[in-house]
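Trainee: pasting the sequence and the predicted coordinates here, then a few questions.
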Amino acid sequence: MGNTRGAAAFAVWYLRIVASVNFLSAVWVTLGQDVRRHNQADFFTPYLLTAGFAPGLFTAFLAVTMSRRKRAAWILNLGLSGAFLGLFALAMAFPEIRSHPQNWVSLALTAAFVVALLAGRRAFYAKGDRSNPRLAAAVGAGGLLGASLLAALLVTVTNRASEPSTFLERWRYGALRLVSVAADGRRLPGIAPPTWVDVAVNVLSTALLLAVLYAAFRSRRAVDPLTEDDEKRLRELLDRHGERDSLGYFALRREKSVCWSPTGKAAVAYRVVGGVSLASGDPLGDPEAWPGAIEPWLAEARAHGWIPAVTGASEEAGTVYARHGLDALELGDEAVVDVAEFTLEGRAMRTVRQACNRVRRAGYTVRVRRHEDIPADEMAYLLRRADDWRDGAAERGFSMALGRLGDPRDGRCVMLECTDADGELRALLSFVPWGPHGLSLDLMRRDRHGDNGLTEFMVIELLRRARESGIAQVSLNFAVFRSVFERGARLGAGPVLRLWRSLLCFFSRWWQIESLYRANAKYRPVWEPRFLLFEKSADLPRIAVASARAEGFLEAPGLPGLPGLPGLPGRPRRGRLETLR
């Protein structure tokens, strides 16, 4: 096993070093000239060593896919490097070729790479999506057609030749330029575009090549979502162990998949986003059976080349995940209010108390009902109002939101409806069950024209009536990096902590990080730490992007006509405080 991993690491680092040299040769003129000179006439360089950005990007892409243990990348590299090695060995039969020591070095390095691939073949096990070949062919054909037409249009607009030319000739020139470094202009005297056009077309061809490679090597994008049987079994686990985790009910989001322990006593719910297998909260079920669910989840992630990550795990679950090779990063704190200990008395609660009294004097009232007790016509009206108040078209939330409202299977959820003095609905809160004696906030919506303090008024009314309903604890919003805001504002805080707090305050202008913390802190909750779990620190940027996409803050629209190929992430929408949950 050690030899296999060592050989695989050698192959990956070979590609990384070659990619670096290619990039460096593109910007270092003398080095680039040397590399090109050593790759002409009777000389040849090692596998993939060619100066330029395009070969650098190609090699870097192969290095990335090989580092993710993609089987398809291993097959491509073995085929290309094996063919190169065969040609190099054949060329060494000629005296003028083997007389150069550089060629022997190139042959040895290429042979070492091929041997490393063969020795490390078992390390490249990650499966791709079965639709990848078809998608890559579609991207290649469609992209070549579109890019060649765009190239022909550029040539038409910028052509400086004095002789006339047809559009078909200009299209042919653009297509040749796409698939080769230079087109033969002597056969097309009526075509003479500027140099920048040729460069732009070459850049376009590089982008097309990378798109085809991405389509060919992409990880499996999705697995089967929850089945009715899965949901039934998850609900049974929640009935028995639901009080352990306030986020447990959110595992019932239907775009999630689930890995079960062999005994069926535990499960990990996750969703694949951008090549990241993203689980949320703690595993469901008996903690003693958690390892039995974590192991198949990790095995499935590695089999498909996904990056395993967990967002919002408790300290207990983080400890179990750490035994399976995951590292932890404190993500923030969840605000949990103990109903028995909560009080509005005291100076610390004066602001909340005044806000509630002001709203109550204005004639606002709150109605609390289980979803199953709301008639269908009234629920339809509540859904319409909730949609009207939503900020943006996308439904946000993943780890701490159910993503649906009014579903008949969620009858035990609790709805709070706030109406003004005229009986007009002004705000809604929805909570999911947290075991038999707890509630966890799912959704907050309010009319922007309602009075300030509506949210505080509704939360206080829920806490006041909770004791009568047997509710012992209520989970509110999640505060990202809460400890930074709290400790960074204290006297004697270190310079690093103060700088970190300043950065978070700056970004709070767009993502309201600090305001969420302060909105939670006013209820004097118990802060329960939540953790982000990951395997490698180098994966954190991809995990962050995947989490943002899953939560609805980034979008990745598909390319027109190619719904299977994701585009670049869209711009994040700014949401109101009520929709950040």
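Mentor: Right, received. Where do you want to start?
Trainee: show me the strands in the protein, by range?
Mentor: In the chain, strands defined by DSSP state E lie at 257-260, 266-273, 276-280, 284-285, 307-313, 327-338, 365-370, 414-419, 425-433, 438-446, 473-480, 526-534, 558-559, 562-566, listed in chain order.
Trainee: what packs against the fifth one?
Mentor: If I follow you right, that is strand 307-313. strand 276-280, helix 290-303, helix 315-322, strand 327-338, strand 526-534, helix 540-551 (3 or more C-beta pairs under 8 Å, 6 or more residues apart in numbering; DSSP states H and E). C-betas here are computed from N, CA, C, even on glycine.
Trainee: hmm, try it at 10 Å
Mentor: Applying 3 or more C-beta pairs under 10 Å, 6 or more residues apart in numbering; DSSP states H and E, one finds that strand 307-313 contacts strand 266-273, strand 276-280, helix 290-303, helix 315-322, strand 327-338, strand 526-534, helix 540-551.
Trainee: and for the first one?
Mentor: Using 3+ C-beta pairs under 10 Å, 6+ apart as the contact criterion, the elements in contact with strand 257-260 are helix 228-241, strand 266-273, strand 276-280, strand 284-285, helix 290-303.
Trainee: Val368 against Ser430, yeah?
Mentor: No: if you go by C-beta atoms under 10 Å, Val368 and Ser430 don't touch, sitting 11.1 Å apart.
Trainee: quick check: neighbours shared by these two?
Mentor: Shared contacts of Val368 and Ser430, defined by C-beta atoms under 10 Å, 6 or more residues apart in numbering, comprise Val414, Met415, Leu416, Glu417.
Trainee: could you redo those as TSV and give each row pLDDT and distance to Lys522?
Mentor: Shown next, in TSV, are the shared contacts of Val368 and Ser430 (pLDDT from 0 to 100; distance: C-beta to C-beta, whole Å):
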residue	pLDDT	distance to Lys522
Val414	94	21
Met415	95	23
Leu416	95	18
Glu417	95	22
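Trainee: please pick the buried ones from these.
Mentor: Val414, Met415, Leu416, Glu417 (16 or more other C-beta atoms under 10 Å).
Trainee: which of those residues lies closest to Gly403?
Mentor: Met415 (16.2 Å; C-beta to C-beta).
Trainee: partners of that closest one in the sheet?
Mentor: Per DSSP bridges, the residues bridged to Met415 are Arg369, Ser430.
Trainee: how much space separates it from Phe431?
Mentor: For Met415, the distance to Phe431 (C-beta to C-beta, to the nearest Å) stands at 8 Å.
Trainee: can you work out which residues contact both of those two?
Mentor: By C-beta under 10 Å, 6+ apart, the residues touching both Met415 and Phe431 are Val368, His371, Asp442, Leu443.
Trainee: all helices for the stretch 351-500 of the chain, in order.
Mentor: Taking DSSP state H, counting those that start in this stretch to define them, one finds helices in the stretch 351-500 of the chain at 376-389, 454-469, 482-488, 495-511.
Trainee: mean confidence score for the shortest one?
Mentor: Translated: helix 482-488. Averaging pLDDT along helix 482-488 yields 64.
Trainee: how about stretch 357-365?
Mentor: Mean predicted lDDT for stretch 357-365 stands at 92.
Trainee: my guess is Ala108 meets Pro46, correct?
Mentor: Yes: checked against C-beta under 10 Å, the pair Ala108 and Pro46 is within contact range at 8.5 Å.
Trainee: between the two, which one's more packed in?
Mentor: Neighbours of Ala108 and Pro46, each counted by other C-beta atoms under 10 Å, are more numerous for Pro46; the result is 24 against 12.
Trainee: tell me the contacts of the nearest residue to that one once chain neighbours are set aside?
Mentor: Distance criterion C-beta to C-beta, 6 or more residues apart in numbering; nearest residue to Pro46, sequence neighbours excluded, is Leu109 at 4.0 Å. By C-beta under 10 Å, 6+ apart, the contact set of Leu109 is Tyr14, Val18, Thr45, Pro46, Tyr47, Leu49.
Trainee: of the residues you listed, closest to Arg302?
Mentor: Tyr14 (22.8 Å).
Trainee: pretty sure the closest one contacts Ser67?
Mentor: No: taking contacts as C-beta under 10 Å, Tyr14 lies outside contact range of Ser67: 11.8 Å.
Trainee: so those two - more neighbours on which side?
Mentor: Tyr14 (25 against 18).
Trainee: what is the neighbour count of the residue nearest to the more buried one when sequence neighbours are not counted?
Mentor: Closest residue in space to Tyr14, ignoring its immediate chain neighbours: Phe113 at 5.2 Å, by C-beta to C-beta, 6+ apart. Neighbours of Phe113 under the rule other C-beta under 10 Å: 24.
Trainee: Val212 now?
Mentor: Neighbours of Val212 under the rule other C-beta under 10 Å: 19.
Trainee: would you check that it makes contact with Arg218?
Mentor: No: with contacts counted by C-beta under 10 Å, Val212 stays clear of Arg218, the gap being 11.0 Å.
Trainee: any idea how far Gly248 is from Pro101?
Mentor: For Gly248 relative to Pro101 (C-beta to C-beta), the value is 67 Å.
Trainee: so these two - more neighbours on which side?
Mentor: Gly248 (25 against 8).
Trainee: wait, Thr156 sits on Pro164?
Mentor: No: contact criterion C-beta under 10 Å: Thr156 and Pro164 do not qualify, at 11.8 Å.
Trainee: those two: which has the busier surroundings?
Mentor: Per other C-beta under 10 Å, whichever of Thr156 and Pro164 has more neighbours is Thr156, with 15 against 9.
Trainee: so what's that one up against?
Mentor: Ser165, Phe167, Arg170, Trp171, Gly174, Ile191, Pro193.
Trainee: tell me the most packed of the residues you listed, by neighbour count.
Mentor: Most crowded among these, counting by other C-beta under 10 Å, is Gly174 at 27 neighbours.
Trainee: which non-adjacent residue is nearest that one?
Mentor: Per C-beta to C-beta, 6+ apart, closest to Gly174 is Ala151, 2.8 Å.
Trainee: quick check, pLDDT for the one you found.
Mentor: Taking Ala151 on its own, its pLDDT is 87.
Trainee: any idea how far Ala279 is from Ala309?
Mentor: Using C-beta to C-beta, Ala309 is found at 7 Å from Ala279.
Trainee: which one's more surrounded, those two?
Mentor: More crowded of Ala309 and Ala279, by other C-beta under 10 Å: Ala279, with 30 against 26.
Trainee: does the more buried one really touch Pro308, like I thought?
Mentor: Yes: shown here, Ala279 and Pro308 form a contact pair, counting by C-beta under 10 Å, at 7.7 Å.
Trainee: can you list residues touching both of the two?
Mentor: Shared contacts of Ala279 and Pro308, defined by C-beta under 10 Å, 6+ apart, comprise Val268, Tyr270, Ile294, Trp297, Ala301, Tyr321, Leu533.
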